[in-house]
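Trainee: Sequence plus the predicted model coming up.
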Amino acid sequence: MSDILFRGGRAFLAADAFAEAVLVRDGRIAATGPEADLVRRAAPGHETVDLGGGLLIPGITDAHIHPVQAGLERAGCDLSEVYGLPEYLERIISYAEANTAREWIDGGGWDMAAFPGGLPHRSQLDFLDRPAYLLQRDHHAAWVNTLALRRAGITRETPDPPDGRIERDPDGTPGGV
């Protein structure tokens with residue numbers, strides 16, 4: 001595989017950081033910087049891509065977003081600006097106390113990495129006097145309490161949904177994710 005030199009535009013590196021050129025060697029970025037320097041470093045016979053004054057940016061490999069869900073999350077019990085079980089519980093308690101008329105505690109923004117093994121458990125929310133439904137920050141999982149599981153009719157016998165999974169305790173009881 002030969003070198004590829006991207007030149008004739010700007011390459012985005014980071015916030016407020018751009019390069020004049022990018023040298024790719026064997027499918028990996030080998031160097032960024034002034035075009036003249038990278039021309040000297042490129043292998044003989046390298047390919048040149050003229051950016052035509054345009055902008056070279058890193059590939060976006062996952063461009064989907066959940067704007068409606070994110071808005072609802074921020075309008076409810078917003079956990080996106082805190083991290084860790086003690087902080088999550090503090091925020092949940094504050095939200096519950098400030099929103100006594102709400103039938104559910106809903107919102108989200110928690111991070112799997114904040115929990116041992118990556119998963120919270122329903123028992124951590126069972127102190128609440130009403131159902132809780134809190135979406136994980138990527139909106140692909142939810143943390144619920146026992147009241148929410150009961151309200152939804154999810155039991156030991158409930159099968160996993162298509163292309164999904166109900167996390168379970170060793171005895172098969174839904175664990176709350």
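Mentor: Cool, the structure landed. From a predicted model like this one, the values you see are computed outputs, not experimental measurements. Numbering: from 1, shown residues only.

Trainee: State the helix or strand in which the residue nearest in space to the middle of the chain lies.
Mentor: Geometric centre of the chain, nearest residue: residue 138, 4.0 Å, by Cα atoms, centre = their mean. Per DSSP states H and E, residue 138 falls between elements, in no helix or strand.

Trainee: who does the worst-scoring helix or strand of the chain on mean pLDDT touch, helix- and strand-wise?
Mentor: Least confident helix or strand of the chain, by mean pLDDT, DSSP states H and E, is helix 67-75 with a mean of 79. Here helix 67-75 touches strand 105-110, going by 3 or more Cβ pairs under 8 Å, 6 or more residues apart in numbering; DSSP states H and E. No exception for glycine: its C-beta is placed from N, CA and C like everyone else's.

Trainee: Which elements pack onto the helix or strand just after the strand it packs on?
Mentor: Once the chain leaves strand 105-110, the next helix or strand it forms, by DSSP H and E, is strand 132-136. Applying 3+ Cβ pairs under 8 Å, 6+ apart, we find strand 132-136 packed against strand 105-110, strand 142-144, helix 146-152.

Trainee: Now do strand 132-136 against helix 67-75, angle only.
Mentor: Angle between the axes of strand 132-136 and helix 67-75 is 130 degrees (criterion: axes from the mean of the first three to the mean of the last three Cα atoms, to 10 degrees).
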